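# Predicted model and sequence follow; I will ask about them next.
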Amino acid sequence: MKRRDFLRNTLIVGAGVMLPLSGLSASRRDAFTTLRRNVGFFTERGGTIGWLASDQALVAVDSQFPDSAAHCIAGLQEKTSHSMDLLINTHHHGDHTGGNGTFKEITEHIVAHKNVPVYQQQSADEGETPVVADITFETSWKQEVGDEIIHANHYGPAHTGGDAVVYFEKANVAHMGDLIFNRAYPYIDPGAGASVRNWVSVLDETLKTLPSDTLFIFGHANPKFEVTGTVEDIKVMRNYLEALITYTQKGLQAGKSKEELMNKEVLPGFEAFNNPDWFLKLSNNVEVMFNELITN
Ligand SMILES: [Zn+2]
């Protein structure tokens, strides 16, 4: 199977599994939830969409899929009559950028890390032209929009090679994209530049840069957990990744094979990640980790 097909199947499986579960938790019953100061999030299918909707600004972070993007736009336009200023992509995956074309009809600009359009092209179907950012950045981007100040920071490769942390400074809310799968085994994309070891540094950098009372929006969550949280949730993900590295590294040093190491259900202290309703297993993460350690 071509890597491209694998990626697409995985994302389809992911979205398919998440769809029926998305309405289960009480806090997620409403598609739109306000967090602080006109900033909130929208869930329907795929990666969580963040938004800023006020009299002076309309911004979205990530675009899910064409159908859910249309629902999101309709809801946002009920909140404000302001024209859409920006769509920001946290990374290139289809469940975060698939609705770019729908947003493009009303938004002035799309912003993303410079690698995002490249990966979108790389993973697109033949004959398909993905809708990509017209404003790109290498390490950081900042813009005043209405009475809010928005930052996007890239701290190096992690979930992909083009991840951004999007921070609404005045609201003190950060969208982490897929840098956080809340208590769920993350999807890792080495074909698009991912690095588990650098992912730990990226989360450390995030914790160092942002205030300790920041509210966070996560790309995905174990169906039993929330798609928002605090620094404590960032630390859990960080510590899980570190435990994954240590487990795999020690196994490699002890001469164990990839298959032996993949035959593991759960890492001690991270039992919450082991949810049968989630589409990835610990073995998926160990496999990627093993390959990362033996190739560089
Ligand atoms: Zn992703």
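Nice, I can see it.
# check which helix or strand covers Val202.
Using DSSP states H and E, Val202 maps to helix 196-209.
# Remind me what that helix packs against, helices and strands.
helix 231-253, helix 282-295 (3 or more CB pairs under 8 Å, 6 or more residues apart in numbering; DSSP states H and E). Placement of C-beta: from N, CA and C, glycine included.
# So for it, mean pLDDT?
Across helix 196-209, pLDDT averages out at 98.
# Can you name the residues that contact the residue in the stretch 101-250 of the chain that the ion sits nearest to?
Closest contact between the stretch 101-250 of the chain and the ion, by CB to the ion, is at Asp178 (3.5 Å). For Asp178, the contacting residues are 47, 90-91, 93, 96, 159-160, 163, 186-187, 219-220, by CB atoms under 8 Å, 6 or more residues apart in numbering.
# pLDDT, distance to Glu169 and neighbour count added to the residues you listed, as CSV?
Output for the contacts of Asp178, formatted as CSV (pLDDT from 0 to 100; distance: CB to CB, whole Å; neighbours: other CB atoms under 10 Å):
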residue, pLDDT, distance to Glu169, neighbour count
Gly47, 95, 22, 33
Thr90, 98, 17, 30
His91, 98, 21, 29
His93, 96, 26, 29
His96, 97, 22, 26
His159, 98, 23, 27
Thr160, 98, 25, 26
Asp163, 98, 19, 28
Pro186, 97, 27, 26
Tyr187, 97, 29, 23
Gly219, 97, 21, 28
His220, 95, 25, 25
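# ok, and of those residues, which contact the ion?
Among the contacts of Asp178, the residues lying close to the ion (CB under 5 Å from the ion) are His93.
# Which single one of the contacts of Asp178 is nearest to Phe273?
Closest approach between these and Phe273, by CB to CB: Pro186, at 9.2 Å.
# That closest one touches Asn285, doesn't it?
Yes: applying CB atoms under 8 Å, one finds Pro186 in contact with Asn285, separated by 6.9 Å.
# sorry, back to before: and the contacts of the helix holding Val202?
The contact list for helix 196-209, computed with CB under 8 Å, 6+ apart, reads 153, 155-159, 163, 165, 174, 176, 179, 188, 231, 234-235, 237-238, 241-242, 244-245, 288-289, 292.
# buried residues in stretch 154-170?
154-155, 157-168 (16 or more other CB atoms under 10 Å).
# which residues sit in contact with Tyr247?
By CB under 8 Å, 6+ apart, the contact list for Tyr247 reads 261, 264, 267, 286.
# separation between the second one and the ion?
Distance from Lys264 to the ion, counting by CB to the ion, to the nearest Å: 24 Å.
# for the first one, same thing?
Note on Leu261: its distance to the ion, by CB to the ion, is 24 Å.
# With the third one instead?
Summarising the geometry, the distance separating Leu267 from the ion, computed by CB to the ion, is 22 Å.
# quick one on the thing from earlier: Serialize the helices and strands packed on helix 196-209 to JSON lines and add fields for distance to the ion.
Output for the helices and strands packed on helix 196-209, formatted as JSON lines (distance: least, CB to the ion, whole Å):
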{"stretch": "helix 231-253", "distance to the ion": "14"}
{"stretch": "helix 282-295", "distance to the ion": "13"}
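# now the ones you listed as JSON lines including mean pLDDT and distance to Lys142?
As requested, the helices and strands packed on helix 196-209 are exported to JSON lines (pLDDT from 0 to 100; distance: least, CB to CB, whole Å):
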{"stretch": "helix 231-253", "mean pLDDT": "98", "distance to Lys142": "21"}
{"stretch": "helix 282-295", "mean pLDDT": "97", "distance to Lys142": "32"}
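# In CSV, list those along with distance to Val131.
CSV is the format used below for those (distance: least, CB to CB, whole Å):
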stretch, distance to Val131
helix 231-253, 30
helix 282-295, 29
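# Please name whichever of those is nearest to Val118.
Nearest to Val118, of all the helices and strands packed on helix 196-209, is helix 282-295, at 20.7 Å by CB to CB.
# Quick one: residues in contact with the closest one.
Against helix 282-295 from outside (CB under 8 Å, 6+ apart): 185-186, 188, 190, 194-197, 244-245, 247-249, 252, 258, 261-267, 273-274.
# ok so, going back, what's the ChimeraX line that selects buried ones from the contacts of Tyr247?
Buried residues among the contacts of Tyr247 (16+ other CB under 10 Å), as a ChimeraX selection:
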select :261,267,286
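# Taking the contacts of Tyr247 together, which two end up most distant?
The span of the contacts of Tyr247, defined through CB to CB, is set by Leu261 and Leu267 at 11.5 Å.
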